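Q: next one to model:
(chains A and B)
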Amino acid sequence: MSNPFERYDLDPREGIAAITQRLKELAEEAKDDAERERIREAWEELTLHPARRLKAALFAHPETRGPLGMPPSFPRRRAAQAGPTAVGLELRDLAARPSVLLALGVSEVKDEDAVPPFEDDPVLRGLP
Amino acid sequence: MAWRDSDEILLQRLEDEAIVEALFASRVGVEPSVTPSRLHPRAGGLVAELRKLPAGAEAVTAAVGGDVVRLGRFIDDLELRAAPPELLHHLALFHRTAATALEHRSPESAANAWVHSLAAWLALAEERLYLVQLEQLVIGGDATQKRRADAGIPPERIPLELVADVAKRAESTAADLGAPGRAALLALARTDEAARIAGASPEATRRARAEAERRRNAAIEAALAVIAEGLDEANVRGELATSGRTLLLRAVPVWTWTSYDEAVEHFVVERVDKIGWELYRARSWDALRYLLDPFRPMFENLASRIERDPSRIAYAAACAQMFVFLAEVDRYLPRKLEMAERAVKICPTHRNGRLVLAAALCDQAMEAMRAMVVFALRSELERVEVLLERAESLYPQTSELPEARSMLVRVRKGRIAV
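A: Alright, predicted model coming up:
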């Protein structure tokens, strides 16, 4: 992907500040100077030249997908049992799609989107 | 665990990404797993947009079941004027990526993809509002009004950005006549088709055509410039007659690369004329025949264009001269006559064409009379008379005419007419 918006997963509509922030993060995580230099060039291309930024934006797929929601919460009892290093999944971790549940005659097919409790937050639990 | 709205959205996004990859793979003829993806995950938004259309949702469902061909047909048959702008933007970029993936392997398929990409851009430019809003979001926050104005592109000019993008591929491969350039030139010659698919206004159609023609001509000139330079240098060294043919031969692959463009034919005719006269004056008939042979298809093509379109009269004389040369170097009378007739047909007032044809007609008449040993068919004598009258009307000063006329008088007196 030669388009800098797509190469660095930037949304053209978010403006210069968001571009700068994202590229700064990427530059800090860069493995070597060459990669950092490429990121700097992309930053210059997208922030110092509005005409080039517009052309790059025109040739980058717009974001028209539905917004991503929250990840599912980790069940409390399993979080307590599993500890911070548990990664395995079991059958009970799988959610059946509404169409499947309807076919099985289950009336309550959807859970509400909820913010996970603090104890399930992967950052607070120290999971990678 | 229970299924949530967020899970449904995530699943759909993943499905959309997989479908757009499969659709892309079916377009470019490569398995999705064979090459790294050229599409950004946001390209999945194309499928998300198609889901919003009633018939589109059905095509997407079929694609989820493995039938991406139906989805491909759906996007090809889509009425672009009525399509949402977000979908048009995705389509413009999807086809563009497909074109770049195909341009090395299949220039014709790549050209089709370029045409569809341009069509989507043209339809998007007709809608205007989406592009205005996108521009506002992307450069609206820039420091000064003047800077915004300098950087901005009016919506109607945005399809021309794609034309420029395509033309760059032609110009950059003009030296080595690369396949991407061939695809680009094919596409640049099809802007009217793109405008028709887009339902673009006559003004937008004209704008796209003019820009594409300008850039196409520039790319072809770049490809011919190398040959022109070589021929000019050979001319300065006085080696045009000896090395001109070898240098000019490169115009044949350029002609193929440009999909038989008329500009290459004009170039060749002009240059053959110059080399041809040098050989003609030196009476090097074999060398002249050798010079002309590889370019016969170009002469034929140009002649057909002139015959079809009388407005091309400016090129008629130069093209007719090629057929005069061909007539001059042919030893077989029927073919000599055919070439001379063609020259006069292309350019009825061409002096050399008329002269060569008149001489060939006299030769034909004399050949017919030589066959009359004792008897002469009246019909044959009448035919000879007609041939000589035509020769006289074409070019009264033809040197062969007096001899042919006196031969006819002798035949009339000496043979028994039957």
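Q: which residues touch B:Ala228?
A: B:Ala228 is in contact with B:Phe267, B:Arg271, counting by C-beta atoms under 8 Å, 6 or more residues apart in numbering or on different chains. To be clear about C-beta, it is placed using only N, CA and C from the backbone, and glycine gets the same treatment.
Q: how far away is it from B:Leu279?
A: According to C-beta to C-beta, to the nearest Å, B:Ala228 and B:Leu279 sit 19 Å apart.
Q: and if you look at B:Ala391?
A: With C-beta to C-beta as the criterion, B:Ala391 and B:Leu279 are 26 Å apart.
Q: flag every buried residue along stretch B:393-400.
A: Residues of stretch B:393-400 classed as buried: B:Leu394, B:Tyr395, B:Thr398, B:Glu400 (neighbour count, 16 or more other C-beta atoms under 10 Å in any protein chain shown).
Q: mind checking how far the helix or strand containing B:Glu21 is from the chain centre?
A: Taking DSSP states H and E as the criterion, B:Glu21 maps to helix B:5-28. Offset of helix B:5-28 from its chain centre (C-alpha atoms, centre = their mean, to the nearest Å): 38 Å.
Q: what does stretch B:95-107 give?
A: For stretch B:95-107, the distance from its own C-alpha centre to the chain's C-alpha centre is 19 Å (C-alpha atoms, centre = their mean).
Q: is chain A contacted by it?
A: Yes - judged by C-beta under 8 Å from any C-beta of the partner chain, stretch B:95-107 comes into contact with chain A at B:Arg96.
Q: what lies in contact with stretch A:15-35?
A: By C-beta under 8 Å, 6+ apart, the list of residues contacting stretch A:15-35 reads A:8-11, A:36, A:39-40, A:42-43, A:46-47, B:137, B:141-142.
Q: would you list every one of the strands in chain A?
A: With DSSP state E as the criterion, chain A has strands at A:110-111.
Q: domain map for it?
A: Domains of chain A are assigned by automatic domain parsing as A:4-58, A:76-120.
Q: B:Leu186 touches B:Glu103, doesn't it?
A: No - the pair B:Leu186 / B:Glu103 is not scored as a contact, 10.1 Å apart, by C-beta atoms under 8 Å.
Q: the more surrounded of these two?
A: B:Glu103 (25 against 21; other C-beta atoms under 10 Å in any protein chain shown).
Q: which phi and psi does that one have?
A: With angles defined as degrees, to the nearest 10, B:Glu103 sits at phi -60, psi -30.
Q: between the contacts of stretch A:15-35, which is nearest B:Leu247?
A: Nearest to B:Leu247 out of these is A:Ala42 (C-beta to C-beta; 44.5 Å).
Q: number of nearby residues for the closest one?
A: The tally of other residues near A:Ala42 (other C-beta under 10 Å) stands at 21.
Q: show me the contacts for it.
A: Neighbours of A:Ala42 in contact, by C-beta under 8 Å, 6+ apart: A:Pro4, A:Arg7, A:Tyr8, A:Leu23.
Q: right, and the pair among these with maximum separation?
A: A:Arg7 and A:Leu23 (10.6 Å).
Q: those two: which has the busier surroundings?
A: A:Leu23 (20 against 14).
Q: which one's the longest helix in chain B?
A: Longest among the helix segments of chain B by residue count, using DSSP state H, is helix B:202-236.
Q: okay, buried residues for that one please.
A: Buried, per 16+ other C-beta under 10 Å, within helix B:202-236: B:204-205, B:207-209, B:211-212, B:215-216, B:219-220, B:222-224, B:227-228, B:230-231, B:234-235.
Q: next one: stretch B:344-353
A: Neighbour-count burial for stretch B:344-353, counted by 16+ other C-beta under 10 Å, picks out B:Val344, B:Lys345, B:Ile346, B:Cys347, B:His350, B:Asn352, B:Gly353.
Q: and for stretch A:30-42?
A: For stretch A:30-42, a neighbour-count test (16+ other C-beta under 10 Å) marks A:Arg38, A:Ile39, A:Ala42 as buried.
Q: just checking, the second one touches A:Pro4?
A: No - using C-beta under 8 Å as the test, A:Ile39 is too far from A:Pro4 to be in contact (9.2 Å).
Q: without its sequence neighbours, what residue ends up closest to the closest residue to chain B within chain A?
A: Across chain A, no residue is closer to chain B than A:Gly69, which sits at 2.5 Å (C-beta to the nearest C-beta). Nearest residue to A:Gly69 in three dimensions, chain neighbours excluded: B:Ser6, at 2.5 Å (C-beta to C-beta, 6 or more residues apart in numbering or on different chains).
Q: the one you found contacts A:Gly66, correct?
A: No - using C-beta under 8 Å as the test, B:Ser6 is too far from A:Gly66 to be in contact (9.4 Å).
Q: so which of the two has more stuff around it?
A: Taking other C-beta under 10 Å, B:Ser6 and A:Gly66 do not tie; B:Ser6 has more neighbours (19 against 16).
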